[in-house]
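**Q** let's see this in three dimensions:
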Amino acid sequence: MVGWEFPPHHTGGLGVHSFELCRELARLGHRITFLTPFSGPFSAVPGLRFRFPGERSEAPGAQFPPAYWAGSTPDSPFVDSIDGYNVWLGGLADPGPVDVVHVHDWFGTLGGAELSRRLARPLVMTVHSTEYDRSLGHPWEHLRRREQAGIDAAVRVIAVSRHLRQQLIDRYSADPSKVRVIYNAVRPSERLEQIDPTKRIVLYVGRLAAMKGVDTFLRAAAKVRPDFPDVLFVIAGEGPEYPRLVRMAAELGVGDRAMFLGHVSDEERETLLSGASVFVLPSVVEPFGIAALEAMAAGVPTIVSKTSGVAEISSGTFRVDFWDVDEFASRIAELLEYPTLRRTMGEEGRWEALREGWPERARETVAVYLEAMRATGVPI
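**A** Residues are numbered from 1 along each chain as shown. Below is the predicted model:
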């Protein structure tokens, strides 16, 4: 398993996905080596071992032709660290018995593909989001090339939603016959009693990036506030949009009712969900939206944009066009006004979020591994 993020240090759904998938695969009896650029500490998973650059005496890294690095920015420390990670992956010494190399997103595509070639084992790639999503249609060519390299080299590609699968076919010319959809999942979350049930909270949890549409959340808050002056709008997360969003909240007149919490731990997120009246995911582009699924699992009535992958598997949410501020505001007000509606939507959303979990997703992933092995003649 080639992955950039693993708890407790992660910034979003990629780390959660890696942890939960590894845990369930290990419970099924599979042996996993997780190849990461970081030295930890890592959340323990029985049956999972970690390897990282510098852990021991390693053979020289892989030598890539110059074309591999096309579009690199040599003076970027971030790109330098990514390139070093890929060189280490491609030349990894003594990886032990391997049936499949599974890479997540673009970070390790070049090294993962080289390792797969050297070991004569199939490459599987999971795409959680694309550079087109993250840049709102203006991709950095260097990252897009890394994604393309992984998609081209992979025997099977896993997309986390149908919408994302179609994007891989349309924009990356992925062979439709090799792209599978496996959704994310969540674990049951105990819905605790609110500390103060008279407080009403509308919650957003996620990165503060342009693709997340938090400006829509704030504009909707400005429309809701006159009729619900007691409501608090809580924004949990960090990212490049933070300064602009804080200024926007002040300009919209909701600066005193909008709380920007920055990064929150897993425990703090659970507490926030326990106290939330409504959860809103207003993303312009959202390949899946695991935060919304977590809110549903906690019994919080949830409003999502129609472009989110989670909208494909949930009928117990309000689904709104990402640009429709008035509709977001109307749905928020509706849920705040009617407790019975909140309770009914919360219960239905919780059932939908938990009817299938990570054990099912792990078994679906194993099925993709077996497909890849059969396609390349690896003994099963």
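**Q** what's the first-to-last distance across stretch 232-251?
**A** Stretch 232-251 stretches 17 Å from its first residue to its last (CA to CA, to the nearest Å).
**Q** ditto for stretch 350-359
**A** End-to-end distance for stretch 350-359, by CA to CA: 17 Å.
**Q** which parts of it are buried?
**A** For stretch 350-359, the neighbour count (16 or more other CB atoms under 10 Å) marks 350, 352, 353, 354, 357, 358 as buried. Every C-beta, even on glycine, is put in place using the N, C-alpha and C of the backbone.
**Q** show the average pLDDT along that stretch.
**A** Mean pLDDT, stretch 350-359: 92.
**Q** what does it rub up against?
**A** Identification of contacts with stretch 350-359 by CB atoms under 8 Å, 6 or more residues apart in numbering yields 20-21, 23-24, 27, 185-188, 191, 293-294, 296-299, 313-316.
**Q** go on, stretch 30-44?
**A** With CB under 8 Å, 6+ apart as the contact definition, stretch 30-44 has outside contacts at 1-4, 6-9, 18-19, 22, 25-26, 47-55, 81, 84-85, 88-89, 92, 95-98, 107-108, 366.
**Q** please pick the buried ones from those residues.
**A** Among the contacts of stretch 30-44, those buried by neighbour count (16+ other CB under 10 Å) are 1-4, 6, 18-19, 22, 25-26, 48, 50-53, 85, 88-89, 92, 98, 107-108.
**Q** now, which of the residues you listed lie within helices?
**A** If you go by DSSP state H, the buried ones among the contacts of stretch 30-44 have 18, 19, 22, 25, 26, 85, 88, 89 in helices.
**Q** from the residues you listed, which is closest to residue 142?
**A** residue 85 (14.7 Å; CB to CB).
**Q** how close does the residue nearest to that closest one when sequence neighbours are not counted get to residue 96?
**A** Leaving out its chain neighbours, the residue that sits closest to residue 85 by CB to CB, 6 or more residues apart in numbering is residue 37, at 4.2 Å. As judged by CB to CB, to the nearest Å, residue 37 and residue 96 stand 19 Å apart.
**Q** and this protein, what are its domains?
**A** Listed domain ranges for the chain are 13-185+357-376, 201-354 (source: automatic domain parsing).
**Q** hey, which of these is tucked in deepest?
**A** Of these, the one with the most neighbours on average (mean count of other CB atoms under 10 Å) is domain 201-354, at a mean of 20.
**Q** return the per-residue confidence for residue 270.
**A** In this model, residue 270 is scored at 89, pLDDT.
**Q** heads up, I number from 34, so please use that
**A** Shifting the count to begin at 34 puts that one at residue 303.
**Q** understood, closing this out.
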